[in-house]
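Undergrad: Return atomic coordinates for the entry below.
(one chain, ligands or ions: 1)
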Amino acid sequence: MQIQFCGGAQTVTGSQFLLSVNGKKILIECGLFQGRREESYEKNQSFLYNPAEIDSVILSHAHIDHSGNLPNLVKSGFRGSIYATPATIDLCKIMLKDSAFLQEKDLEWVNKIKRRGHQPEIQPLYRIQDVDATMELFVGIDYDRAFTIGSGIEVMFRDAGHILGSAGIHLEITEGGKTYKIGFTGDIGRPGMPLIHDPNVLRELDILIMESTYGNRLHESSDNIEEELAKAVCETASAGGKIIIPSFAVGRTQHLVYVLHKLFDQNRIPDMPIFVDSPLACKATEVFRNFPGYLDRETNRVFLTDNEDPFGFQRLSYVHDVEESKKLNSMTFPHVIISGSGMAEGGRILHHLRNNVHNPKNLVLFVGYAAKETLARKIIDGQRVVKIFGEEHTVRCKTKSWMHSVHMLTDETCLIMSGLTLQPGSNIYFLFMVNQISRCR
Ligand SMILES: [Zn+2]
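TA: So this is what the prediction gives:
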């Protein structure tokens, strides 16, 4: 058996692991690397293996840094099955389409410049039709059901408690008369968070391969998050300001809506309008509604038993079309806008930031991870002047961040594990902190 680390290495995006066992090649995750445009394009374009030779893909969850390069894999010749939970498949459908759409849009103006300079145009990594072809290959398997994807290769999804449908992958591999149990964590959720189940621990393993994005920090407790959000909303509203929250469309936005709903019901925030201004978040929320069985007991107790919608309440509006979104700019009274993208690299949040960062009464609240070089990171780090749509804007609003910069551990700890080969008979427990291992050939 051989495990090759093909992505998500020394960085937190682009997860990909290649497992070669019993003559089969199995790809675990096929994430999109996200960073500067040219570097991303180069890394995402060039696979470290031949996609046509991959027998199957196992996917832990729908986030783009784990699933976003699948259509390119299919475009490059992959024809096997992609195994994931049913909720992951439904989320992938909307997220991969959104990713294809954003790529084409992003390249529109780049290619305009290229054409002017008589340079060859850049093609997107994939288009909508590649996403359609990808969706045909998905096979839905629920949690805790063992399934076989080749001789001596048994797989089981365990609830990872990270986003709807997210799974840790448990593999039982029999090779040369020996059996190994391997766990791939994917992204692991935090126990005690509202909405989705607590993570179900992968047990009795010989090898554990683990994402380590937040490996060196403690998270705030979920009670603190409620309290802090209530405080931030109350203070800003009483000063007459707006609260702008850049948020990831899938997972984080639904969590925020849930918490705001609860705070509103308990009279802990003022009676003010709240907008989710993100077409992707609107679609993703529909998927959450379609899988009540994946939501945790508290959500079911608090909301579903009373026939209430956890993702909707009287003061909350989902903004679908662009014209409605533009109207938000002219509103002068306090309100909350949750909009994408989470790292403020694209999407409608850019318009809201452009219109609001100059006002000292407003608050921009960052609730998720922000990678280096992104607009979110620059504002969090206190950069006074930022560029939005190519123009300079002075940041005078208040800013708050619940997640500070993520430090990767140093190279010394980046094991060595390139192209690891396990000897049958060895009985050692390996733990790989994925984000610290080098991408390897
Ligand atoms: Zn994730």
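Undergrad: Report how many residues lie close to Phe33.
TA: Using other C-beta atoms under 10 Å, the number of residues around Phe33 comes to 23. To be clear about C-beta, it is placed using only N, CA and C from the backbone, and glycine gets the same treatment.
Undergrad: Is it correct that it is in contact with Lys43?
TA: Yes. Between Phe33 and Lys43 a contact is recorded at 4.4 Å, counting by C-beta atoms under 8 Å.
Undergrad: any common contacting residues for these two?
TA: Gly7, Gly14 (C-beta atoms under 8 Å, 6 or more residues apart in numbering).
Undergrad: how about the nearest residue to whichever residue of the stretch 101-250 of the chain sits closest to the ion, chain neighbours excluded?
TA: Nearest residue of the stretch 101-250 of the chain to the ion: Asp187, at 3.7 Å (C-beta to the ion). Nearest residue to Asp187, sequence neighbours excluded (C-beta to C-beta, 6 or more residues apart in numbering): His162, at 4.4 Å.
Undergrad: Any figure for the gap between that neighbour and Arg190?
TA: Here the criterion is C-beta to C-beta, to the nearest Å. By it, His162 lies 9 Å from Arg190.
Undergrad: Of the two, which one has the most company?
TA: Remark: of His162 and Arg190, His162 carries more neighbours, 24 against 14, as counted by other C-beta under 10 Å.
Undergrad: so the more buried one is in which element?
TA: Per DSSP states H and E, His162 falls between elements, in no helix or strand.
Undergrad: which ones are touching it?
TA: Counting by C-beta under 8 Å, 6+ apart, His162 has contacts His61, Gly186, Asp187, Ile188, Gly189, Ile196, Pro199, Gly251.
Undergrad: Need the phi and psi values for it.
TA: His162 has phi and psi values of phi -100, psi -60 when expressed as degrees, to the nearest 10.
Undergrad: pLDDT score for it?
TA: Predicted confidence (pLDDT) for His162: 88.
Undergrad: before we move on, what about His404?
TA: pLDDT at His404 comes out at 37.
Undergrad: go on, Gln314?
TA: Looking at Gln314, the pLDDT reads 81.
Undergrad: got the buried residues for the strand or helix carrying Leu229?
TA: Using DSSP H and E, Leu229 maps to helix 222-238. If you call a residue buried by 16 or more other C-beta atoms under 10 Å, then helix 222-238 has these buried ones: Ile225, Glu226, Leu229, Ala230, Ala232, Val233, Thr236, Ala237.
Undergrad: before we move on, what about stretch 81-90?
TA: Ile82, Tyr83, Ala84, Thr85, Pro86, Ala87, Thr88, Ile89, Asp90.
Undergrad: pLDDT (mean, whole number) over it?
TA: Mean predicted lDDT for stretch 81-90 stands at 98.
Undergrad: Any idea how far apart the tips of it sit?
TA: Stretch 81-90 has an end-to-end distance of 16 Å (C-alpha to C-alpha, to the nearest Å).
Undergrad: circling back to that earlier point, shared neighbours of His162 and Arg190, which are they?
TA: Shared contacts of His162 and Arg190, counting by C-beta under 8 Å, 6+ apart, come down to Pro199.
Undergrad: hang on, the earlier thing: let me have the buried residues of helix 222-238 in CSV, extended by pLDDT and distance to the ion.
TA: Below are the buried residues of helix 222-238 laid out as CSV (pLDDT from 0 to 100; distance: C-beta to the ion, whole Å):
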residue, pLDDT, distance to the ion
Ile225, 79, 18
Glu226, 86, 22
Leu229, 92, 21
Ala230, 95, 26
Ala232, 95, 25
Val233, 96, 26
Thr236, 97, 29
Ala237, 97, 31
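Undergrad: Before I go, just wanted to say thanks for your time.
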